[in-house]
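Asker: here are the coordinates; sequence isn't available:
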């Protein structure tokens, strides 16, 4: 094992082998290394040990074995006799003190150019992951400069304009003296940084900062190019403010979260960077070669008015929903296969007489994955002559239920994308018209409503999945061993995994209550209708996370069910799914610690690996459109031998034509 050790502000990595040595040995070794590196043999005396603390503040006993009180990659602080006594830690220190610097951080080499008009949800996710740095387009720089010139002109002419020479909200009629306009901006940021709760993760804060930069790049806010470049430099150095998630009502935008975002850039509050971990914002900026931002008139309100927290969280929710929805289709196909269901209900003609886009698409995917002449299934052939007429709704109605989820995701993504590239400031600066208008683009109703809708729709994937898990683990419904394990009773198998899925589905039912139907008047009735969009976004993201885990449990259960059907094989694409899962999780021969398996498969889904495993197979199957007319399931019921023979001849012709045009992709 290895431990990160902080000595006098420097971080050292100390290998500890098996962790059987004592904390005292670890401290002495860290001090020895520090002295060697710091003094370079100068002869100065090494620092003397006083105490050792964990990053969360807990004092460690020097005689304890390392492995008893520390984990691999844990972090500690060594206090020496020359150090100042550690100050009592606040709750905030305890909460964030354990987040150390990212020693493996590699700054992105590529740039993404922002113009305020063309950012996609996928772009924003990649910016959050640190895949790109940011630059402005030349056109964006011109637009930002024009808007600022109009602000400067208003200041020179000493006009009274809301948010520039007046107070804010209910103080809109209070005119501020010209020599206090800069102080007004700082007061605004400090007073509005009143959020509470857990902080955004590093990735989510990057997304928030990137999205705010994109909106400011439109050139309707009146911010100076110098100040906007401060934001860009902070992003490119991953200097990220502490932003609590609670406190926004979603009208006048996400005022409190965006104020916290700006506060760190002013050198106040807490901030994180790869080089420092969590520390005072001024220190973090200095370590990264940056100065605290200086605000001119109008720039404070330009930094905090907008829907960027709602929208950035919403962008992540809709992107992750997109990935899990298509992989839920694949998982449902595998479950239908091991439960020996029929694909007859997915016939293309059935879908065409109710031609919803999502329904048609899901049915096509299911047909491509299940038994066909392209991809025969031994499991499907094994129950060719069974007497089952139809399957349960969670199997038979996948196109109808999953389909509307896909359509909802498409709709929500369109709205979120528009919102990401919209001017949501107030007041709005129209440089070309020489006019400033106080309006309501900051109101978060659009993203709030669609994110409530997204949560309601995506929840159905887990609702269907949990019922399919029940069918897999219940021997009365599956004809498989109870809870998918040998020696039932001695082993419990997937009994509690199903309970976890049920718990998550029940939790989602509560989370799906719309946040945007509520409103509370704020700001002395000036803001008398609000969207509650931030809570809608947070809930939507939580629902998606819960759905990911439920689908992971179903995928685990379906792969386990295959073990009891061996040596029979399923279709080529579904065997690929099985291989991907088994690359991370071995079969269940007897009970073991299950939570890591669920998390491992959840991570596969988040990384879209299940879809990647089948995508080229689906494309190959769908290329010859002739095959999209009928489904030739082993359990299909057709009237008369002539019709059956005719269908078989048609199928053979289609297959011959397809093989002439296509060469199968290698599995």
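Answerer: Yes, it's here. Quick caveat: nothing in here was measured; it's all calculated off a predicted structure.

Asker: wait, what's in contact with residue 591?
Answerer: When contacts are counted by Cβ atoms under 8 Å, 6 or more residues apart in numbering, residue 591 touches 485, 491, 492, 493. Just so you know, the C-beta spots here come from the backbone N, C-alpha and C atoms, and that holds for glycine as well.

Asker: Checking it next. Helix, strand or coil?
Answerer: coil (DSSP: H, G, I helix; E, B strand; the rest coil).

Asker: Same question for residue 322.
Answerer: Assigned by three-state DSSP, the conformation of residue 322 is helix.

Asker: Skip the chain neighbours and tell me the closest residue to it.
Answerer: residue 409 (5.3 Å; Cβ to Cβ, 6 or more residues apart in numbering).

Asker: Check which helices and strands the helix or strand where that neighbour lies is in contact with.
Answerer: Take DSSP states H and E as the rule and residue 409 turns out to sit in helix 398-420. Secondary-structure packing of helix 398-420 (3 or more Cβ pairs under 8 Å, 6 or more residues apart in numbering; DSSP states H and E): helix 121-128, helix 308-338, helix 357-369, helix 445-473.

Asker: Quick check: closest non-adjacent residue to residue 240.
Answerer: Per Cβ to Cβ, 6+ apart, closest to residue 240 is residue 205, 4.3 Å.

Asker: neighbours around the one you found, how many?
Answerer: 26 (other Cβ atoms under 10 Å).

Asker: Next: residue 512.
Answerer: Neighbour tally, residue 512, other Cβ under 10 Å: 19.

Asker: For residue 475, see how far away it is.
Answerer: According to Cβ to Cβ, to the nearest Å, residue 512 stands 32 Å off from residue 475.

Asker: Next: residue 28.
Answerer: 60 Å.

Asker: So for these two, which sits in the more crowded spot?
Answerer: residue 28 (16 against 13).

Asker: Contacts only, for the residue nearest to residue 563 when sequence neighbours are not counted.
Answerer: Excluding its sequence neighbours, the residue lying closest to residue 563 (Cβ to Cβ, 6+ apart) is residue 587, at 5.0 Å. When contacts are counted by Cβ under 8 Å, 6+ apart, residue 587 touches 559, 560, 563.

Asker: Now for the first one, how many residues are close by?
Answerer: Here the count is done by other Cβ under 10 Å, and residue 559 has 24 residues near it.

Asker: Got the confidence number for it?
Answerer: At residue 559, the model reports a pLDDT of 98.

Asker: Stretch 506-519: how far from the chain's middle?
Answerer: 19 Å (Cα atoms, centre = their mean, to the nearest Å).

Asker: meant to ask about stretch 50-63, not that
Answerer: For stretch 50-63, the distance to the chain centre is 35 Å (Cα atoms, centre = their mean).

Asker: could you give me the average pLDDT of that stretch?
Answerer: Mean predicted lDDT for stretch 50-63 stands at 78.

Asker: Same check on stretch 35-44?
Answerer: 64.

Asker: try stretch 274-283
Answerer: Rounded mean pLDDT across stretch 274-283 is 89.

Asker: about what we covered before: who's in contact with the residue nearest to residue 322?
Answerer: 318, 321, 322, 325, 454, 457, 458.

Asker: In CSV: the residues you listed, plus pLDDT and neighbour count.
Answerer: Below are those laid out as CSV (pLDDT from 0 to 100; neighbours: other Cβ atoms under 10 Å):
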residue, pLDDT, neighbour count
318, 98, 29
321, 98, 27
322, 98, 20
325, 98, 26
454, 98, 31
457, 98, 23
458, 98, 30
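
Asker: all strands in the stretch 201-350 of the chain, in order from the N-terminus.
Answerer: Per DSSP state E, counting those that start in this stretch, the stretch 201-350 of the chain carries strands over the ranges 240-241, 244-246, 270-273, 277-280.

Asker: Output the residue ranges of the helices in the stretch 1-150 of the chain, listed in chain order.
Answerer: Counting by DSSP state H, counting those that start in this stretch, the stretch 1-150 of the chain has helices at residues 23-39, 66-69, 91-96, 121-128, 138-157.

Asker: Comparing the ones you listed, which comes out most buried?
Answerer: Of all the helices of the stretch 1-150 of the chain, helix 121-128 carries the top mean neighbour count, a mean of 21, counting by mean count of other Cβ atoms under 10 Å.

Asker: who does that one touch, helix- and strand-wise?
Answerer: Against helix 121-128 (3+ Cβ pairs under 8 Å, 6+ apart) you get strand 111-114, helix 202-216, helix 308-338, helix 398-420.

Asker: nearest to residue 281, of these?
Answerer: helix 202-216 (12.8 Å; Cβ to Cβ).

Asker: Let's test this: mean pLDDT of that closest one, rounded?
Answerer: Helix 202-216 comes out at a mean pLDDT of 97.

Asker: got the buried residues for that helix?
Answerer: Using 16 or more other Cβ atoms under 10 Å as the test for burial, helix 202-216 gives 202, 204-216.

Asker: Residue 136: which of these is nearest?
Answerer: residue 213 (8.2 Å).

Asker: where's that closest one relative to residue 374, distance?
Answerer: 48 Å.

Asker: Let me know which of the helices and strands packed on helix 398-420 is tucked in deepest.
Answerer: helix 308-338 (a mean of 27).

Asker: Next, the angle from that one to helix 357-369.
Answerer: Angle of helix 308-338 versus helix 357-369, following axes from the mean of the first three to the mean of the last three Cα atoms, to 10 degrees, is 40 degrees.

Asker: would you turn the contacts of residue 409 into TSV with distance to residue 128?
Answerer: TSV is the format used below for those (distance: Cβ to Cβ, whole Å):
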residue	distance to residue 128
318	14
321	16
322	16
325	20
454	18
457	23
458	20
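
Asker: Check these and tell me the two furthest apart.
Answerer: 322 and 457 (11.8 Å).

Asker: possible to save the helices of the stretch 1-150 of the chain as TSV with distance to residue 298?
Answerer: Shown next, in TSV, are those (distance: least, Cβ to Cβ, whole Å):
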stretch	distance to residue 298
helix 23-39	48
helix 66-69	53
helix 91-96	31
helix 121-128	26
helix 138-157	5
